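S.K.: I would like the atomic coordinates for the input below:
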Amino acid sequence: MTNKQRNISPSVMKEDKTLDLALRPQTFSDYVGQEKIKKNIKIIISAAKKRKEPCIEHLLFYGGSGLGKTTLSYLVAKEMGAGIRTIAGPSIKKAGDLAAILTNLKEGDVLFIDELHRMNKICEEMIYPAMEEFKLHLIIGDGPMARTMDLKIPKFTLIGATTRLALLSSPMRSRFGATFRIDIYKKEEIEEIITKSAAFLGVSIHKKAVDIIASRSRFNPRVANRLLKRVRDFSDVEGNGSITVDDANKALAFLDIDEMGLESGDKKVLETLEEKFSGGPVGLQSLAVASLEEKETILDIYEPYLVQIGFVKRTPRGRVITDKARNYLKK
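M.R.: Numbers count the residues shown, from 1 in each chain. The predicted model follows:
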């Protein structure tokens with residue numbers, strides 16, 4: 001996927017990362033949406049505090065990219081008054097990596113592992129006793145001289161996040177005390193997020209412009225904030241710094257994002273499905289090759305939204321385009 005397709009250019013990536021951190025809610029009251037999850041987490045934390053326990057049960061968050069799994073993890077740590085260590089699952093490659101991470105935690109800390117399903121399987125098995133007994137079972141030496149040693153580690157809370165729950169092994173899933181699905185946001189929730197983010201950025205925005213950005217955000221907070229920043233840039237250069245309806249429409253048209261929130265990559269997948277495979281069914285590998293996209297990009301970026309809006313159906317035989325999508329392509 002190109003930077004243009006993702007609405008990211010090298011000149012703005014560093015600023016975007018800083019702003020993304022700044023726009024992240026600092027309290028549960030600032031966090032928009034996911035009300036049931038927030039209520040459950042507050043009860044879990046309050047109960048642990050009442051029992052004077054140093055940490056809570058391990059938590060697992062799953063859902064699409066950009067829906068707030070990392071933000072929720074930071075809020076859990078803050079609500080607990082604990083430190084948090086963040087690491088990506090793929091970066092834990094050896095048992096020694098995991099041992100170094102766990103032994104450097106402090107009592108009550110939160111360990112947040114993003115993309116948990118991509119963690120090395122040997123490390124996954126090694127983390128089980130750490131989660132249950134707060135011990136590491138180590139093997140020292142080789143051959144007949146090898147011996148085992150149990151290393152006690154501080155009590156901690158593991159928060160795992162994944163975009164693909166099905167790829168987590170059953171033993172891993174069963175070791176979490178609570179599992180939460182992060183749902184797609186409602187339009188009014190996205191509008192509230194955009195309004196709050198605009199206020200934080202110190203930019204005035206017309207109510208109808210908020211509606212336009214929200215409608216094209218895929219109802220995803222990360223995408224909504226990214227579009228707001230690009231529309232703000234356009235308004236600063238082409239407008240008067242206050243985001244109007246005209247600014248929003250022109251900026252999103254310049255970014256090649258239509259009224260449905262579809263980008264060039266989405267349209268390419270739909271056109272490939274219709275023109276090269278007569279609407280399907282077609283397997284993911286064939287669709288990826290024909291559209292010159294990576295399988296993971298289609299699976300994680302394009303397909304969830306196309307399925308959500310009823311443009312693509314997943315069947316046992318493969319992906320199938322819908323009549324709704326065909327009518328869209330004819331416009």
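S.K.: residues near Ala224, how many?
M.R.: Around Ala224 there are 24 other residues, counting by other CB atoms under 10 Å. Glycine gets a C-beta too; all of them are placed from N, C-alpha and C.
S.K.: what about it, which helix or strand?
M.R.: Following DSSP states H and E, the helix or strand that holds Ala224 is helix 221-238.
S.K.: What lies in contact with that helix?
M.R.: Outside helix 221-238, the residues within contact range by CB atoms under 8 Å, 6 or more residues apart in numbering are 7-8, 12, 16, 19-20, 23, 32-33, 65-68, 185, 190, 193-194, 197-198, 201, 203, 205, 209, 213-214, 216-217, 241-244, 247-248, 250-252, 254-255, 257.
S.K.: and what of stretch 95-105?
M.R.: For stretch 95-105, contacts defined as CB under 8 Å, 6+ apart pick out 85, 87, 91-92, 111, 122-123, 126-127, 130, 136, 138, 151, 153-154, 156.
S.K.: and if we set it to 10 Å?
M.R.: Residues from elsewhere that reach stretch 95-105 (CB atoms under 10 Å, 6 or more residues apart in numbering): 82-85, 87, 91-92, 94, 109, 111, 113, 119-120, 122-127, 130-131, 134-136, 138-139, 151-158.
S.K.: which of those count as buried?
M.R.: Buried members of the contacts of stretch 95-105, counted by 16 or more other CB atoms under 10 Å: 82, 84-85, 87, 92, 109, 111, 113, 119-120, 123-124, 126-127, 130-131, 134, 136, 153, 156-158.
S.K.: buried stuff in the helix holding Ala224?
M.R.: Residues of helix 221-238 classed as buried under the neighbour-count rule (16+ other CB under 10 Å) are 221-232, 234-235.
S.K.: Next: stretch 254-270.
M.R.: By neighbour count, with 16+ other CB under 10 Å as the criterion, the buried positions of stretch 254-270 are 255, 257-258, 260-263, 265-270.
S.K.: so what's Ile84 closest to, chain neighbours aside?
M.R.: Setting aside the residues directly before and after it, Ile84 is nearest to Ala77 in space (CB to CB, 6 or more residues apart in numbering), at 3.9 Å.
S.K.: check contacts around the one you found.
M.R.: Applying CB under 10 Å, 6+ apart, one finds that Ala77 lies in contact with 83-86, 108-112, 157, 159.
S.K.: With secondary structure as extra columns, can I get those residues in CSV?
M.R.: Compiled in CSV, the contacts of Ala77 are given as follows (DSSP: H, G, I helix; E, B strand; the rest coil):
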residue, secondary structure
Gly83, coil
Ile84, strand
Arg85, strand
Thr86, strand
Gly108, coil
Asp109, coil
Val110, strand
Leu111, strand
Phe112, strand
Thr157, strand
Ile159, strand
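S.K.: Identify the farthest-apart pair in those residues.
M.R.: The two members of the contacts of Ala77 with the most space between them (CB to CB) are Thr86 and Gly108, at 16.2 Å.
S.K.: Doesn't Ile113 lie inside a strand?
M.R.: Yes - membership of Ile113 in a strand is supported by three-state DSSP.
S.K.: Touching, it and Thr157? I think so.
M.R.: No - the pair Ile113 and Thr157 fails to qualify as a contact (CB atoms under 10 Å) at a distance of 11.4 Å.
S.K.: shared neighbours, the two?
M.R.: In terms of CB under 10 Å, 6+ apart, Ile113 and Thr157 are both contacted by the residues Ser73.
S.K.: for the stretch 101-250 of the chain, what spans make up the strands?
M.R.: 110-114, 135-140, 147-152, 157-162, 178-181 (DSSP state E, counting those that start in this stretch).
S.K.: can you give me how far stretch 304-316 is from the chain middle?
M.R.: Its chain's C-alpha centre and that of stretch 304-316 lie 19 Å apart, by CA atoms, centre = their mean, to the nearest Å.
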